[in-house]
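*Asks:* fold the stuff below for me.
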Amino acid sequence: MGTKIKVGLSGFSMARGKYYKIYEVVELQDTFYEIKKVDYYKKLREEAPEKFEFVIKVSQLITHPPSSPTYKRLNIEIKNPENYGFFKPTEEVFNVWEHTERIGNALRCNVFLFQTPASFKPSEENIENIKRFFTSIKRDKKIMCWESRGKWSKDEIEKICKSLSLVDVVDPFEREGLPGETLYYRIHGGRGYRKSYSEKELLPLALKLKGKRGYVFFNNLSRIKDSQIFLKLIEKI
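*Replies:* Numbers count the residues shown, from 1 in each chain. I've put the predicted structure just below:
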């Protein structure tokens, strides 16, 4: 990827043709909520500029339990729902990952975001499951990124990320991420995603990222405005 920060949105949030003219990367959200055929993503790759990059937010069927309200947006009916979520070592979870890999190949995607809910706590079972999952799948040169939510201590996060070669995904306005070759920031805008950021607020982050490589995705309500302010700051430094 080189020494560069790529800035994008969590989801297109505008007509794709317009998006491609402004941004170099997008963090796909439909891959989290729905299960779509690989052909859909092949067409998405074909319509995008050659150098445009897709990052996949991995399916909730791997990371979230069926009790999660996000399952209301799931577009398929699942059998044995108790076998999904929390990285459970089940055939169902690994089948979803295999489908995700096929999507990744169609998009020429190398970066995968795994977001766990606050209910995914640092229990012995959950830690064992996440370890088993990432040591069982083929990693190749894929960059695996983990956004932990809930009551995980910095030491617990660091131990897991280091042992499994995961990128620590953070909102830089909420906590400091672990150092690494690739950085991955998701700016959520606080409670209700309502926080809007000024140039003055975003400048220290832009300066901090000078000479680094990684991704900054805006996920707040004013994501379009804020991300374009940040893009201009990144270009200046």
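*Asks:* which SSE is immediately downstream of the longest helix anywhere in the chain?
*Replies:* With residue count as the measure and DSSP state H as the assignment, the chain has helix 91-107 as its longest helix. Past helix 91-107, heading to the C-terminal end, the next element that is a helix or strand (DSSP states H and E) is strand 111-115.
*Asks:* okay, the angle between that following strand and helix 91-107?
*Replies:* For strand 111-115 and helix 91-107, the angle between their directions (axes from the mean of the first three to the mean of the last three C-alpha atoms, to 10 degrees) works out to 140 degrees.
*Asks:* quick one: list the elements packing against strand 111-115.
*Replies:* Using 3 or more C-beta pairs under 8 Å, 6 or more residues apart in numbering; DSSP states H and E as the contact criterion, the elements in contact with strand 111-115 are strand 53-57, helix 60-63, strand 143-147. Using the backbone N, CA and C atoms, a C-beta is placed for each residue, glycine as well.
*Asks:* dump that strand to CSV, restricted to CA.
*Replies:* Extracted as CSV, the C-alpha positions of strand 111-115 are listed here (Å, rounded to 0.1, in the frame of the first residue of the first chain):
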residue,chain,number,x,y,z
VAL,A,111,-8.5,-5.7,4.1
PHE,A,112,-11.2,-7.1,6.3
LEU,A,113,-12.9,-5.5,9.3
PHE,A,114,-14.3,-7.6,12.1
GLN,A,115,-16.4,-5.6,14.4
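*Asks:* give the pairing partners of that strand; include direction for each.
*Replies:* Taking DSSP bridges as the criterion, strand 111-115 pairs within the sheet with strand 53-57 (parallel), strand 143-147 (parallel).
*Asks:* flag every buried residue along that strand.
*Replies:* Of the residues in strand 111-115, those buried by neighbour count under the rule 16 or more other C-beta atoms under 10 Å are 111-115.
*Asks:* pull the distance from that strand to the chain's centre.
*Replies:* The gap between where strand 111-115 is centred and where its chain is centred comes out at 4 Å by C-alpha atoms, centre = their mean, to the nearest Å.
*Asks:* could you say which of the strands paired with strand 111-115 is packed most deeply?
*Replies:* When you average the neighbours per residue for each of these (mean count of other C-beta atoms under 10 Å), strand 53-57 leads with a mean of 23.
*Asks:* work out which residue lies at the spatial centre of this protein.
*Replies:* Leu113 (3.1 Å; C-alpha atoms, centre = their mean).
*Asks:* how close does that one get to Val26?
*Replies:* Counting by C-beta to C-beta, to the nearest Å, the gap between Leu113 and Val26 amounts to 12 Å.
*Asks:* find residues that contact each of these two.
*Replies:* Residues touching both Leu113 and Val26 by C-beta atoms under 8 Å, 6 or more residues apart in numbering: Val55.
*Asks:* export stretch 225-234 as CSV, just CAs?
*Replies:* This file holds the C-alpha atoms of stretch 225-234, laid out as CSV (Å, rounded to 0.1, in the frame of the first residue of the first chain):
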residue,chain,number,x,y,z
LYS,A,225,-18.6,17.1,5.1
ASP,A,226,-16.1,16.0,7.7
SER,A,227,-14.3,13.5,5.5
GLN,A,228,-13.8,16.1,2.7
ILE,A,229,-12.4,18.5,5.2
PHE,A,230,-10.0,15.8,6.4
LEU,A,231,-9.1,14.8,2.8
LYS,A,232,-7.9,18.4,2.2
LEU,A,233,-5.9,18.4,5.4
ILE,A,234,-4.2,15.1,4.4
